[in-house]
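*Asks:* Following is a predicted model, sequence given first.
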Amino acid sequence: MKVVRSITEMRAEVKQLREQRSTIDHEATVGLVPTMGFLHDGHASLMQKATEMSDIVAISIFVNPIQFGPNEDFERYPRDEKRDLALAEKNGVDLVFMPGVEDMYPTPIKTHVTVADLTDTLCGASRPGHFDGVSTVVTKLFNIVKPDYAFFGTKDAQQVAVLRQMVTDLNMDIEIVPCPIVREQDGLALSSRNVYLSREEREQALVLSRSLHLVQQQMREQEGMTAGQVRAFLRTSIGQSDIAEIDYADILSFPRLESLAEDTVLATLDHEVIIALAVKFGRTRLIDNVILETKGVALHV
């Protein structure tokens, strides 16, 4: 495994590995796992999927300042380079791209990539400008690495939808590969931000996965359940935690992320829906979701 810190060197290393691993009948493929570091088993699952699908596996570790709002946690976002590199090597990564902010943004950036509509809801509404920062940095990474596949976890399902739209609209020859949420044994979705939680907050945060499980059970038992009833159920369930501060608890179409009217009977829909949560426990904002086939309410990812 090689660690690369400059854009020029990263381009050269990817090109060289492609040439070395290609044959007359097969051009070597590159899989990219973009991350902000402080890697965990969720990231490991992305690397493992990348090794299954790609001849060359690259990950990026870059805490991207332009996707953080002015009052968010850019400065305190957890970082552990030694630990990250050990996990990457353990999971078969060939190249680790670790640029500095001065490399990615040597001058104040004047070009931004914006995906409309899909960013108006959920985290896009709560964190204005966040997805402009995400789509811009991912475009830069795609231009540097030129991957065939890019792997993202569906815990950030809105991000997956946004990046798929971006790749389609801009005719990027890259496949976005969504990968399932990885959870702790007790159900908490893995996140680098979980490290912020106190013991009490960590225990209270289990209300997220529990609420998603209970609402699916309710949807199965109540055939005529409406979108409004799902939202009310989620708020009541999450409200059982006396420290949970709900940002959103919503149900939308997926991947279009269109709002569903309160009286929409879910069993009448013929497309997937996402039940998505964002809740603060103390200073830590956590997200979770489930994507469902509405007919039969079968878990999709």
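*Replies:* Yep, it's here. Numbers count the residues shown, from 1 in each chain.
*Asks:* that's a strand at Leu292, yeah?
*Replies:* Yes - secondary structure assignment (DSSP: H, G, I helix; E, B strand; the rest coil) places Leu292 inside a strand.
*Asks:* Could you report the distance from the closest residue to it other than its chain neighbours to Gly228?
*Replies:* The spatial neighbour of Leu292 that comes closest, neighbours along the chain excluded (CB to CB, 6 or more residues apart in numbering), is Val273 at 5.5 Å. Bear in mind the C-beta positions are built from the backbone N, C-alpha and C, glycine included. When distance is defined by CB to CB, to the nearest Å, Val273 is 13 Å away from Gly228.
*Asks:* out of these two, which sits in the more crowded spot?
*Replies:* With neighbours defined as other CB atoms under 10 Å, Val273 and Gly228 compare such that Val273 has more, 24 against 14.
*Asks:* Who is the more buried one paired with across the strands?
*Replies:* Counting by DSSP bridges, Val273 forms beta bridges with Ser253, Leu292.
*Asks:* Pretty sure it sits against Ser253.
*Replies:* Yes - with contact taken as CB atoms under 8 Å, Val273 and Ser253 are classed as touching, separated by 6.0 Å.
*Asks:* any common contacting residues for the two?
*Replies:* Counting by CB atoms under 8 Å, 6 or more residues apart in numbering, the residues touching both Val273 and Ser253 are Leu260.
*Asks:* residues contacting Glu9?
*Replies:* Contacts for Glu9 (CB under 8 Å, 6+ apart) come out as none.
*Asks:* in what helix or strand does it lie?
*Replies:* With the criterion set as DSSP states H and E, the secondary-structure element containing Glu9 is helix 7-21.
*Asks:* in the helix or strand Leu277 falls within, what's buried?
*Replies:* With elements taken from DSSP H and E, the one containing Leu277 is strand 272-281. Within strand 272-281, the residues that qualify as buried are Glu272, Val273, Ile274, Ile275, Ala276, Leu277, Ala278, Val279, Phe281, counting by 16 or more other CB atoms under 10 Å.
*Asks:* Dump these to TSV, plus pLDDT and distance to Ala86.
*Replies:* Shown next, in TSV, are the buried residues of strand 272-281 (pLDDT from 0 to 100; distance: CB to CB, whole Å):
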residue	pLDDT	distance to Ala86
Glu272	95	37
Val273	97	39
Ile274	98	34
Ile275	98	35
Ala276	98	33
Leu277	98	32
Ala278	98	31
Val279	98	32
Phe281	97	29
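*Asks:* Nearest to Gly69 among the residues you listed?
*Replies:* Nearest to Gly69, judged by CB to CB, of the buried residues of strand 272-281 is Ala278 at 13.8 Å.
*Asks:* Residues in a beta bridge with that closest one, which ones?
*Replies:* Beta bridges link Ala278 to Tyr248, Ile287 when assigned by DSSP bridges.
*Asks:* Next, find the distance separating it from Met172.
*Replies:* The span separating Ala278 from Met172 equals 28 Å under the rule CB to CB.
*Asks:* In a strand, Asp25, correct?
*Replies:* No - Asp25 is assigned coil when assessed by three-state DSSP, not a strand.
*Asks:* what sits against the residue lying closest to Phe254 once chain neighbours are set aside?
*Replies:* Take Phe254 and drop its neighbours on the chain: the residue closest to it by CB to CB, 6+ apart is Ile274, 4.1 Å away. Contact criterion CB under 8 Å, 6+ apart gives Ala157, Ile251, Leu252, Ser253, Phe254, Leu257, Asn289, Val290, Ile291, Leu292 as the residues in contact with Ile274.
*Asks:* same thing with Met53?
*Replies:* The neighbourhood of Met53, defined by CB under 8 Å, 6+ apart, consists of Thr29, Gly31, Tyr149, Val177.
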